[in-house]
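>>> 3D, please:
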Amino acid sequence: MLRRMLNKENGESGFTLIEAVVALALVTIVLAAVGSLVATNVRGTRNLEQHLVLIETARSIASNLPRGGEPLPDTLAGELLRHRWQMRITPFAGSVPVVPEARFMPQLVELRVRSPSGAVLSLETIRLREGGVR
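Predicted coordinates:
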């Protein structure tokens, strides 16, 4: 007990160099783990934002199609908000039988949107066109 008191009085109490290095290593490991988590979260957020912009661009293009079954050219293409897009319209060749006297005929609409970063979104839908198959 006398020895401990002497050490405290002489200013020799505190952390050893090994203890300080171990503590510093633990802090470094924790900070690296937190940094990795933040970087992963930022990448995920950026990918989600890019996907949302692709979807909204495709929705904007599709919503500007003529309504009421008006005829469209077989191929449409353009650029919107630096996103290149292409639309192809073909007669629907699915399991629906062709009825010549039918008022509406189904068409397959394929829309492909490419973002400036290279990500691609492809959509397919069916559109009813008034009149016969073209």
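
>>> how about the strands in this structure?
75-80, 83-91, 104-114, 120-130 (DSSP state E).

>>> and residue 114, how many neighbours does it have?
18 (other Cβ atoms under 10 Å). For every residue, glycine as well, the C-beta is placed using N, CA and C.

>>> oh sorry, the question was meant for residue 24
10.

>>> Output the contacting helices and strands for the longest helix along the chain.
Identified as the longest helix of the chain according to DSSP state H is helix 17-63. Packing contacts for helix 17-63, counted by 3 or more Cβ pairs under 8 Å, 6 or more residues apart in numbering; DSSP states H and E, involve strand 75-80, strand 83-91, strand 104-114, strand 120-130.

>>> now do 7 Å
Judged by 3 or more Cβ pairs under 7 Å, 6 or more residues apart in numbering; DSSP states H and E, the packing partners of helix 17-63 are strand 75-80, strand 104-114, strand 120-130.

>>> Could you report the neighbour count for residue 129?
With other Cβ under 10 Å as criterion, residue 129 counts 19.

>>> beta partners for it?
residue 105 (DSSP bridges).

>>> just checking, it touches residue 107?
Yes: the pair residue 129 / residue 107 is scored as a contact, 5.2 Å apart, by Cβ atoms under 7 Å.

>>> Name the nearest residue to the residue nearest in space to the middle of the chain, ignoring sequence neighbours.
Nearest to the geometric centre of the chain sits residue 51, at 2.7 Å (Cα atoms, centre = their mean). Nearest residue to residue 51, sequence neighbours excluded (Cβ to Cβ, 6 or more residues apart in numbering): residue 119, at 7.3 Å.
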